[in-house]
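Trainee: based on what follows, work out the 3D shape:
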Amino acid sequence: MRTPRTARSAALVASATVLTTLLTAPLAGADGLPVVTPAGETAALYDDEAGGNSDADDPAIWRDPADPARSLVVATAKEGGLRVYDLDARQVQSLPAPRPPAEGAAPGRFNNVDLALGVRTRAGRADVAVVSDRGRDRLRIYRVDPSRPGGPLTDITDPAAAPVFSADEAEIDDQRTAYGLATWKDRSSGRTYALVSRRERTTVALLELLPAANGTVGYRKVRTLDLPASFRLPDGTAWSPCLEPGELPQVEGMVVDPATGTLYAGQEDVGIWRLRADLTGRPALVDRVREYGVPGTYDEATEECVPGADPGYGGRRLSADVEGLTLLQERDGDGHLIASGQGDDTFALYDRELSEGNEYEGGFRIGAATDSLDGVEECDGAAVLNAPLGDRYPRGLLVVQDGRETPAVEDGEGGTRTATGFKFVDLGAVLDATGR
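Mentor: Coordinates of the predicted model:
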């Protein structure tokens, strides 16, 4: 996630009308999209010294097969480490990110998280949460055990795990490090992998998770793939997104369709790519952001991009950045890719069927339920689980990051503290609102 640029704001769609309840026939926002409301939210996180430099980013949902009502949400808080919540959005565990190995070195900073079930360890199979540690350029692996005293997650990362992209500490501190993440179990081989993107670069790496000594889990790099950084427009000109000097258009949101071994990767300022999860073959651009093709000039004084005239080559569904991607799997084999458009606070649904070309099939917003339970803005990460989770979520759960938690809290110096958090949304409400 990068802070939305002022230059983008002029292109953003108007916010949805705030609702206090979800009606049987859902009301629509100003853009005609249906609006659903959250059923719960986590306590706010604050990205400042008083708040432990904690900034909500990405969630994952672990379903307890023995008691689905006791399922868990695992979520990243950047320098604040990991948070684990129950289905009432109450925190049940907090795990810190690693400390810097030396004075002046970068500390751990947890960016994205995904679940991998039945991973091989030398102590047997285990369900694990896999985390991209952007600060230290590594994967961190946590065993999930809801019966464990002191909290359900235990760090089982191989101490010898090497940096994903960096050759040395200087490169780690430069922070072109592990960023977005999705897990994948190859059904043909039974092997488990993590797909990891690189911050400020277009690279995606395929890493195999491997058992290591003393019940820990490590990884090895299989291959990498670089997505395009420059694009040929229909008028024959070349275009690249306007970014800070030295940056390339990075990927963050990613998800793998386990049925087809298809990776969907959100290149934030470009759109959504579809490619083989083993990173072979040719990527295809499923959809473009509205800002695709718009020229821009970086202004060093304001540290913002000044846009030029829109040539009209962009998409119609997503406003940059394209962020959280998650897969809604339906019991009949159908399903949808859900993508968050951070620029206009919407969520888009695309058909899961490759033969249909991942057609756009509608979208929705998440509006306020009450004055104290606000809607979702600037969403950075999302996770969905289409399975019963007890009486509270009998049709499943959608968890999304809220990039602008309200109401604002005063910082004691005449300003307000920036707050983020996670919203819990009844998946049944989303399915009803979108006609699924």
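
Trainee: strands paired with whatever helix or strand Phe347 lives in, and their directions?
Mentor: Element membership for Phe347, per DSSP states H and E: strand 346-351. Here strand 346-351 is paired, per DSSP bridges, with strand 335-341 (antiparallel), strand 360-366 (antiparallel).

Trainee: buried deepest among those strands, which one?
Mentor: Most buried of these, by mean neighbour count (mean count of other C-beta atoms under 10 Å): strand 335-341, with a mean of 26. C-beta here means a position set from N, CA and C on the backbone, and glycine is covered the same way.

Trainee: contacts made by it with the rest, please.
Mentor: 253, 255, 257, 264, 266, 272, 287, 289, 317-320, 322-330, 346-352, 358, 361, 379-382, 384, 386, 398, 400, 436 (C-beta atoms under 8 Å, 6 or more residues apart in numbering).

Trainee: can you tell me which of the residues you listed are buried?
Mentor: Among the contacts of strand 335-341, those classed as buried by 16 or more other C-beta atoms under 10 Å are 253, 255, 257, 264, 266, 272, 287, 289, 317-320, 322-329, 346-352, 358, 361, 379-382, 384, 386, 398, 400, 436.

Trainee: circling back to that earlier point, TSV for the strands paired with strand 346-351, including distance to Thr420 and mean pLDDT?
Mentor: Output for the strands paired with strand 346-351, formatted as TSV (distance: least, C-beta to C-beta, whole Å; pLDDT from 0 to 100):
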stretch	distance to Thr420	mean pLDDT
strand 335-341	14	96
strand 360-366	15	96
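
Trainee: from the buried ones among the contacts of strand 335-341, which ones fall inside strands?
Mentor: Counting by DSSP state E, the part of the buried ones among the contacts of strand 335-341 found in strands is 253, 255, 257, 264, 266, 272, 287, 322-329, 346-351, 361, 382, 384, 398, 400.

Trainee: count of neighbours near Tyr313?
Mentor: Neighbourhood size, Tyr313 [other C-beta atoms under 10 Å]: 17.

Trainee: A helix includes it, no?
Mentor: No. Read with DSSP: H, G, I helix; E, B strand; the rest coil, Tyr313 is coil and lies in no helix.

Trainee: which non-adjacent residue is nearest it?
Mentor: Gly293 (3.5 Å; C-beta to C-beta, 6 or more residues apart in numbering).

Trainee: pull the contacting residues for that neighbour.
Mentor: By C-beta under 8 Å, 6+ apart, Gly293 lies in contact with Phe231, Leu233, Trp239, Asp310, Pro311, Gly312, Tyr313, Gly314.

Trainee: hmm, the last one is touching Leu285, no?
Mentor: Yep, that's Gly314 we're talking about. No. Look at Gly314 against Leu285 with C-beta atoms under 8 Å: they stay out of range, at 11.8 Å.

Trainee: who does Thr298 bridge with?
Mentor: No Thr there; residue 298 is Tyr. Taking DSSP bridges as the rule, Tyr298 bridges to Cys305.

Trainee: how many other residues sit next to it?
Mentor: By the criterion of other C-beta under 10 Å, Tyr298 has 16 neighbours.

Trainee: returning to that earlier point: which of Gly314 and Leu285 has more residues huddled nearby?
Mentor: More crowded of Gly314 and Leu285, by other C-beta under 10 Å: Gly314, with 21 against 16.

Trainee: so what's the more buried one up against?
Mentor: By C-beta under 8 Å, 6+ apart, the neighbours of Gly314 are Arg288, Val289, Arg290, Glu291, Tyr292, Gly293, Val294.

Trainee: could you check how far the residue nearest to the fourth one when sequence neighbours are not counted is from Glu244?
Mentor: This points to Glu291. Excluding its sequence neighbours, the residue lying closest to Glu291 (C-beta to C-beta, 6+ apart) is Ala320, at 4.8 Å. Distance of Ala320 to Glu244, computed by C-beta to C-beta, to the nearest Å: 15 Å.

Trainee: next one: Ser166
Mentor: Ser166 is 20 Å from Glu244, by C-beta to C-beta.

Trainee: ok, those two, which is more surrounded?
Mentor: Neighbours per residue (other C-beta under 10 Å) separate Ser166 from Glu244, with Ser166 holding more: 20 against 12.

Trainee: so the more buried one touches Ile172, yeah?
Mentor: Yes. With contact defined as C-beta under 8 Å, Ser166 and Ile172 form a contacting pair (4.5 Å).

Trainee: so what sits against both of these two?
Mentor: With contacts defined as C-beta under 8 Å, 6+ apart, the residues shared by Ser166 and Ile172 are Asp137.

Trainee: and Leu431, that one's in a helix?
Mentor: Yes. The assignment for Leu431 is a helix, going by three-state DSSP.

Trainee: and it, what pLDDT?
Mentor: Looking at Leu431, its pLDDT is 95.

Trainee: spatially nearest residue to it (excluding sequence neighbours)?
Mentor: What sits nearest to Leu431 in space, not counting adjacent residues and going by C-beta to C-beta, 6+ apart, is Arg395, at 6.7 Å.

Trainee: same question, Gly80
Mentor: Per C-beta to C-beta, 6+ apart, closest to Gly80 is Ser54, 2.7 Å.

Trainee: run a quick neighbour tally on the residue nearest to Leu431.
Mentor: The number of residues packed near Arg395 is 15, by other C-beta under 10 Å.

Trainee: wait, doesn't it sit right on Asp426?
Mentor: Yes. Between Arg395 and Asp426 there is a contact under C-beta under 8 Å: 7.0 Å.

Trainee: now do the same contact list for Val130.
Mentor: Contacts of Val130 (C-beta under 8 Å, 6+ apart): Val113, Asp114, Leu115, Ala116, Leu139, Arg140, Ile141, Tyr142, Leu181, Thr183, Ala194, Leu209.

Trainee: much appreciated, bye for now.
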